[in-house]
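> Curious how this folds, go ahead:
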Amino acid sequence: MGLFKKKKSKKEKKDLSGYTPSDYEKALTDLDEEKSDDFFGNKSYTENASTVSAILKAIIYIAFIIVVSGALAYFILTSLNDVFAFVKDDRSAEVTIPEYATSADIAEALAEKEIINHPWLFKLYSKLKKVDSEGSRYDFVAGTYTVSANMNYDELLIAFVKKSVITTVRVTIPEGYTVDDIINLFLEKGIGTREGWVDAINNHDFGEDFEFISKIPEKEGRYYRLEGYLFPDTYEFYTGEPEYYYLRRMLVRFKSVVSGDIEKAIEDLGYTLDDVLTIASIIEKEAYYASDYGVCSSVIWNRLKSPSTFPYLECDSTIIYALSHAKGSRVTELKTADLQLDDRYNSYKYGGLPPSPICNPSYTTIICAIEPETTKYYFFATDANHFLVPAQTRAEHNANAERIRKEKEAQAAAGN
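Residues are numbered from 1 along each chain as shown. A predicted model of the protein is given here:
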């Protein structure tokens, strides 16, 4: 029995823990599959380690955001405080400004005295305000100035500018004044030059604020582009401004008057704003009393609507306008020879409306130009007391004119 012992099957040897080498290798393989990268790129061998790593990364990221945000917020607040002086001490210092100083020179001088903290920001602010550009109102005067740290950038810039007193002037533009009258009125007050006024009236680009200007027709013989559009009123102006500043103020007032219902009524007429202003300006000059505006308007409209019978308006005021412009001063009376004046404002010689309004009309005459009285009159004369005397026929008109002439002669003889 001992010679023939049963052979044992070949089995793997086990270590003291009871695992074979293959079991150990398998365990290592399984452990490798659980590995993952930690925050620093190394391998983590447990799920708990991965969670800790993720939390650590989040904390570091949040901390980074907080630090950057805080720094940015601090930078913004300190910069704004430097510009606007929200919370700064009232420490003063003497600053010397050299001849022909620029904003950069001033920034360095202020920073040296610790009046400002960010000279680069002062330079940027000055550049955005075009302090050193041509035509800037900042003209720095050399000298030594006492300034305070609680002054904002604007106050600091102004501190080194030559001081000037802002003055105003009250100007009343009467109803019926022509452009020439208005120019003379401003020149008498020492405002602008004649050349400057004429150029601004005829050529200045007022932008898109006044659409009606772009619609003004360029008629042959027209003297002034803005004749009729400078609304009569009393204005308070700053002095020392360019001519277009004063014109803009008058145009703003005009726009406020003609907008809305008046603008719509003119469109319904089928005429242009320029045409209505021209009619209103003739009414303004021909009729002395407001009670006669409606009759005067009806005569003008009746003639315009009957061009074959009445091709000419035959209004003395249009010739007076031309003569006054040529003379440079107001003409009040016509001579017989003046009726032959070869000028497109001569409504005895040229048909239809003149090239432009002949003055700047009032609100009342504009309304009467839009809404004339209904009459059959085609003529009118003015009596000794400035009332209109209308007529339907030329014979009737001639008779009225003769009677008025005698009345005026009688008044003159009586010394009235």
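> Could you check how far Ala384 is from Tyr288?
Distance, Ala384 to Tyr288, by C-beta to C-beta, to the nearest Å: 11 Å. (Glycine included, C-beta is placed from N, CA and C.)
> what do you get for Arg403?
From Arg403 across to Tyr288, the span is 18 Å (C-beta to C-beta).
> next one: Asn150
Asn150 is 64 Å from Tyr288, by C-beta to C-beta.
> same deal with Ile62?
As for Ile62, its distance to Tyr288 is 86 Å (criterion: C-beta to C-beta).
> did I read that right, Ile282 in a helix?
Yes. Residue state for Ile282 (DSSP: H, G, I helix; E, B strand; the rest coil) corresponds to a helix.
> from what I can see it touches Cys315, true?
Yes. With contacts counted by C-beta atoms under 8 Å, Ile282 reaches Cys315, the gap being 5.5 Å.
> in the helix ranked longest in the chain, what's buried?
Of all segments of type helix in the chain, defined using DSSP state H, the longest is helix 47-84. Under the neighbour-count criterion of 16 or more other C-beta atoms under 10 Å, helix 47-84 has 50, 53, 82-83 buried.
> out of those residues, who's nearest Val171?
Nearest to Val171 out of the buried residues of helix 47-84 is Val83 (C-beta to C-beta; 39.1 Å).
> What sits closest to that closest one if chain neighbours are left out?
By the measure of C-beta to C-beta, 6 or more residues apart in numbering, the closest residue to Val83 outside its immediate chain neighbours is Tyr153, 5.1 Å from it.
> Tally up the residues packed near the one you found, please.
By the criterion of other C-beta atoms under 10 Å, Tyr153 has 20 neighbours.
> All the strands of the protein, residue numbers only.
In the chain, the segments counted as strands under DSSP state E are 36-37, 43-44, 92-97, 143-148, 168-172, 234-238, 379-382, 388-391.
> ok, the residue nearest to Val83 touching Tyr125?
Yes. The pair Tyr153 / Tyr125 is scored as a contact, 5.1 Å apart, by C-beta under 8 Å.
> Could you pull out the residues contacting both of those two?
Counting by C-beta atoms under 8 Å, 6 or more residues apart in numbering, the shared contacts of Tyr153 and Tyr125 are Val83.
> List the residues that contact Ala337.
Remark: with contacts taken as C-beta under 8 Å, 6+ apart, Ala337 is in contact with nothing.
> any idea how far it is from Ile191?
If you go by C-beta to C-beta, the gap between Ala337 and Ile191 works out to 37 Å.
> Report how many residues lie close to the residue nearest to Phe122 when sequence neighbours are not counted.
Closest residue to Phe122 apart from its sequence neighbours, by C-beta to C-beta, 6+ apart: Ala107 at 4.0 Å. Taking other C-beta under 10 Å as the neighbour definition, Ala107 ends up with a count of 22.
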